[in-house]
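> show me how the following folds:
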Amino acid sequence: MRIHFIAIGGAAMHNLAIALFKKGYNVTGSDDEIFEPSKSRLDKYNLLPKAFGWFPENISDKIDVIILGMHALKDNPELLRAQELKLKIYSYPEYLYEQTKNKKRIVVGGSHGKTTITSMIMHVLKNTGINFDYMVGANIKGFETMVQLEEDNKIAVLEGDEYLSSPIDLTPKFHWYKPDVAILTGIAWDHINVFPTFDNYVSQFEIFINTIKDNGKLFWFEEDEDLKKLADKNTKTTSNSYNKYEYFTDENSQVCVNFENKVYKMSVFGDHNMQNINAARLACIEAGVTEKQFWETIQNFEGAAKRLQLVKETDNSSFYIDFAHAPSKLKATINALKQKYPQRKLVACIELHTFSSLQKNFIPQYKDCMKNADTAIVYYSHEVIKHKRLPEIEESFVKKSFGEETLVFTDTKRLKDFLSEQNFSNTNLLMMSSGNFNGIDFVKFADELIIK
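Presented below is the predicted three-dimensional model:
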């Protein structure tokens, strides 16, 4: 099987390329730019293109499958050549389904928490000796890549993103996966550049529910009213709600669970993570894990990259980074840190970086989402707005939208200078973004700020 990736350098695409190469397929690819860590990973498996650019002369009828990434455009020269030759062209999620269609598929969807829950399921299955295929949207400790596909595996665990599949396939990714077991964590309007109204966004989750296989199972978070309405309409599958698993904290603020008179100490914290753990528990049981096995293994789960990731800590201060960028995610992450460290102040900083977060008709959705932070900071870059070809945003508008007490920065140096002037004794710092605040080295910055 010969497979060619158009836009092989993407975070998801290069991981799929490596997985298929390891499966024994003949894999080639192209891209006009590839950054780290994709570049080094592709080079390790001799999959890095010899030159950057698009080379339609390399597209021939000897190629069995084209996989098209979101980075490519509709008029991509290689894509046009593949269409001319009538080659089979798949989007990334469509081909994942092709690879896993004869397996039991567990799909985790929702506006928030899906990466963490998928990672939790993967962690437990691996540590209980169950082999499985997977696709997850972050680097997970103990897993070399974000995708694995093996012929003999009977189970596939997939993170179900609602974003579009490819430039010529506008299907939300998770509509392709047709799960046997589905989890929905909640609905909070996102991707407004694609889903312009909340109702339009919600409808994508209703379609997803209708793709669950006959006699499949749906687990949904019971405090989400929109999910409840969708679940009540669902007559096709078994539908069960879940909430956070009951827990207590010990004298060291350690989150603990009591199961069959044994105490298990968790490595993650916050109500939202105990919701995530309960969803993962239900999925793992469906995969054949016993409840005792689940608690024995989940207590060692330390989280996915940039999901409440601890960068540095001292006796009385900590520096965390998180991928949170939507209002509901900010609120959950801030509340989790305040729950764990109620005696400490919290400086919380969000970078507006996604298309949704940088649009004036969406920014008011952030109102009061950072109210539990002692110091709330919003950062965004005028250069990023220009690069995304979006209308300019006034700092006064951002301040009014988030709350008048919010501090707003548009220059990375000014932000770093401000944070460097703060006293982080008995204070935590939380920096949240799907980007990196225009190049901040978080480990180095943490050393400068809280290790003094």
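> am I right that Asn258 falls within a strand?
Yes - under DSSP: H, G, I helix; E, B strand; the rest coil, Asn258 sits within a strand.
> run a quick neighbour tally on Asn300.
15 (other C-beta atoms under 10 Å). All C-beta spots, glycine's among them, are computed from the backbone N, C-alpha and C.
> that one touches Thr128, doesn't it?
No - using C-beta atoms under 8 Å, Asn300 is not in contact with Thr128; the gap is 12.0 Å.
> tell me the contacts of the closest residue to Ile155 other than its chain neighbours?
Using C-beta to C-beta, 6 or more residues apart in numbering and skipping the chain neighbours, the partner closest in space to Ile155 is Phe132 (4.2 Å). Counting by C-beta atoms under 8 Å, 6 or more residues apart in numbering, Phe132 makes contact with Met122, Leu125, Gln148, Asn153, Lys154, Ile155, Ala156, Val157, Ala287.
> highest neighbour count among these?
Val157 (30 neighbours).
> look up how far Ala19 lies from that residue.
13 Å (C-beta to C-beta, to the nearest Å).
> before we move on, what about Asn278?
In terms of C-beta to C-beta, Asn278 sits 29 Å off from Ala19.
> need the helices for this protein, in chain order.
With DSSP state H as the criterion, the chain has helices at 11-22, 38-44, 77-84, 92-100, 114-127, 198-211, 225-233, 271-286, 291-298, 327-340, 382-387, 395-402, 412-420, 442-450.
> deepest of those, which one?
Stretch with highest mean neighbour count among the helices of the chain: helix 114-127 (a mean of 26; mean count of other C-beta atoms under 10 Å).
> and that one, what does it pack against?
In terms of contact count using 3 or more C-beta pairs under 8 Å, 6 or more residues apart in numbering; DSSP states H and E, helix 114-127 is assigned the packing partners strand 104-109, strand 155-160, helix 271-286, helix 291-298.
> now the ones you listed as TSV including distance to Ser91 and mean pLDDT?
Shown next, in TSV, are the helices and strands packed on helix 114-127 (distance: least, C-beta to C-beta, whole Å; pLDDT from 0 to 100):
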stretch	distance to Ser91	mean pLDDT
strand 104-109	16	98
strand 155-160	14	98
helix 271-286	25	96
helix 291-298	33	97
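> of all these, which one is nearest Thr116?
Thr116 lies closest, by C-beta to C-beta, to one member of the helices and strands packed on helix 114-127: helix 271-286, at 4.9 Å.
> and that closest one, what does it pack onto?
Using 3+ C-beta pairs under 8 Å, 6+ apart, the elements in contact with helix 271-286 are strand 104-109, helix 114-127, strand 181-184, strand 217-221, strand 238-242, helix 291-298, helix 327-340.
> and these as JSON lines, adding distance to Glu448?
Converted to JSON lines, these look like this (distance: least, C-beta to C-beta, whole Å):
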{"stretch": "strand 104-109", "distance to Glu448": "37"}
{"stretch": "helix 114-127", "distance to Glu448": "29"}
{"stretch": "strand 181-184", "distance to Glu448": "40"}
{"stretch": "strand 217-221", "distance to Glu448": "39"}
{"stretch": "strand 238-242", "distance to Glu448": "42"}
{"stretch": "helix 291-298", "distance to Glu448": "35"}
{"stretch": "helix 327-340", "distance to Glu448": "21"}
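> which of the ones you listed sits closest to Tyr25?
That would be strand 104-109 among the helices and strands packed on helix 271-286, by C-beta to C-beta, at 20.8 Å.
> what pairs with the closest one, and is each one parallel or antiparallel?
strand 155-160 (parallel), strand 181-184 (parallel) (DSSP bridges).
> I'd like these written out as JSON lines, with distance to Gly113 added.
Output for these, formatted as JSON lines (distance: least, C-beta to C-beta, whole Å):
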{"stretch": "strand 155-160", "distance to Gly113": "10"}
{"stretch": "strand 181-184", "distance to Gly113": "9"}
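> wait, which of the ones you listed is closest to Asn210?
Here strand 181-184 is closest among the strands paired with strand 104-109 (C-beta to C-beta), at 10.7 Å.
> can I see the domain layout of this protein?
Using automatic domain parsing, the domains assigned to the chain come out as 2-86, 95-298, 309-450.
> then the helix or strand of the chain with the lowest mean pLDDT to CSV, C-alphas only?
Within the chain, no helix or strand scores below helix 442-450, which has a mean of 86 by mean pLDDT, DSSP states H and E. Output in CSV follows, covering the C-alpha atoms of helix 442-450 (Å, rounded to 0.1, in the frame of the first residue of the first chain):
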residue,chain,number,x,y,z
PHE,A,442,7.9,28.5,30.0
VAL,A,443,10.6,26.5,31.9
LYS,A,444,13.1,29.3,31.7
PHE,A,445,10.5,31.9,32.6
ALA,A,446,9.4,29.9,35.6
ASP,A,447,13.0,29.8,36.8
GLU,A,448,13.1,33.6,36.5
LEU,A,449,9.8,34.2,38.3
ILE,A,450,9.4,31.7,41.2
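> tell me what it is packed against?
strand 309-313, strand 317-322, helix 412-420, strand 427-432.
> just put these in TSV and tack on distance to Glu246 and mean pLDDT.
Converted to TSV, those look like this (distance: least, C-beta to C-beta, whole Å; pLDDT from 0 to 100):
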stretch	distance to Glu246	mean pLDDT
strand 309-313	25	90
strand 317-322	25	92
helix 412-420	37	94
strand 427-432	26	94
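> take the ones you listed and lay them out in JSON lines including distance to Gln365.
Shown next, in JSON lines, are the helices and strands packed on helix 442-450 (distance: least, C-beta to C-beta, whole Å):
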{"stretch": "strand 309-313", "distance to Gln365": "25"}
{"stretch": "strand 317-322", "distance to Gln365": "18"}
{"stretch": "helix 412-420", "distance to Gln365": "23"}
{"stretch": "strand 427-432", "distance to Gln365": "15"}
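> related to what we said a few turns ago, out of the helices of the chain, which comes closest to Gln359?
Judging the helices of the chain by C-beta to C-beta, what sits closest to Gln359 is helix 382-387, at 9.7 Å.
> so for the closest one, mean pLDDT?
For helix 382-387, mean pLDDT is 88.
> before we move on, what about stretch 5-25?
Rounded mean pLDDT across stretch 5-25 is 96.
> re earlier: I'd like the helices of the chain as a markdown table, with distance to Lys217 appended.
Compiled in a markdown table, these are given as follows (distance: least, C-beta to C-beta, whole Å):
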| stretch | distance to Lys217 |
| --- | --- |
| helix 11-22 | 26 |
| helix 38-44 | 35 |
| helix 77-84 | 38 |
| helix 92-100 | 17 |
| helix 114-127 | 14 |
| helix 198-211 | 11 |
| helix 225-233 | 12 |
| helix 271-286 | 7 |
| helix 291-298 | 17 |
| helix 327-340 | 25 |
| helix 382-387 | 41 |
| helix 395-402 | 39 |
| helix 412-420 | 46 |
| helix 442-450 | 39 |
